[in-house]
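S.K.: Build the 3D model from these lines:
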Amino acid sequence: MTQIDFYTGVADAPAFACKLAATAYRKGAKLFVLLPDAAALERFSARLWSLSETAFIPHCKADDAIASQTPVWLGLSLADCGENRVLLNLGGAPPADPAAFSRILEIIGVDEDALAMARTRFRFYRSLGLAIEHHDMRHRQT
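M.R.: All right, here's what the predicted structure looks like:
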């Protein structure tokens, strides 16, 4: 069954997303990072490249020629995500078929718009009977 993890109260979502990607990579997960547009994809890729040398996260666009040998894929469409991947959902909506993923990571900021989106996503996942974990990050970020 798909595990859904909500990380709420995240003050710096891009930095936290990089930390989650690094954690998934260290744990040996195949990760697909869904981004809302090409500019966001390029910014996220640049952030991953700018991590310290000891935190290198091999990644590429999902349609890149080396994608089959790369553990972290970045893409704009779930059609590009391949199989058996963990989804880091930085896009606008939950996936239509959450069961296609072993785990889905949702990062929720602190503003009202982010919280409203989170509630909608939470209700969607709950309506499917999926296991949901909540991680309140307000006091755990560095």
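
S.K.: The chain: helices as residue ranges?
M.R.: 13-26, 38-49, 112-127 (DSSP state H).

S.K.: for these, which one sits closest to residue 71?
M.R.: Closest approach to residue 71 among the helices of the chain (CB to CB): helix 13-26, 5.8 Å. Yep, even glycine has a C-beta here, placed from its N, CA and C like the rest.

S.K.: How far away from the center of its chain is that closest one?
M.R.: Once both centres are worked out by CA atoms, centre = their mean, to the nearest Å, helix 13-26 turns out to sit 8 Å from its chain's centre.

S.K.: What's the separation between the most centrally placed residue in the chain and residue 19?
M.R.: In the chain, the centroid-proximal residue (CA atoms, centre = their mean) is residue 88; its distance is 1.4 Å. Relative to residue 19, residue 88 is positioned 11 Å away (CB to CB, to the nearest Å).

S.K.: Any stretches of this protein with poor pLDDT?
M.R.: Within the chain, the set of residues satisfying pLDDT under 70 comprises 52-54, 141-142.

S.K.: switch the cut-off to 80
M.R.: Within the chain, the ranges that satisfy pLDDT under 80 run 51-55, 82-84, 92, 139-142.

S.K.: so where do the strands sit in it?
M.R.: 3-8, 31-34, 59-61, 72-75, 86-89, 103-107, 131-136 (DSSP state E).

S.K.: Using CSV, list the CA coordinates for the fourth one.
M.R.: Output in CSV follows, covering the C-alpha atoms of strand 72-75 (Å, rounded to 0.1, in the frame of the first residue of the first chain):
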residue,chain,number,x,y,z
VAL,A,72,16.7,10.8,-9.1
TRP,A,73,14.6,12.0,-12.0
LEU,A,74,13.1,15.4,-12.4
GLY,A,75,10.0,15.9,-14.5
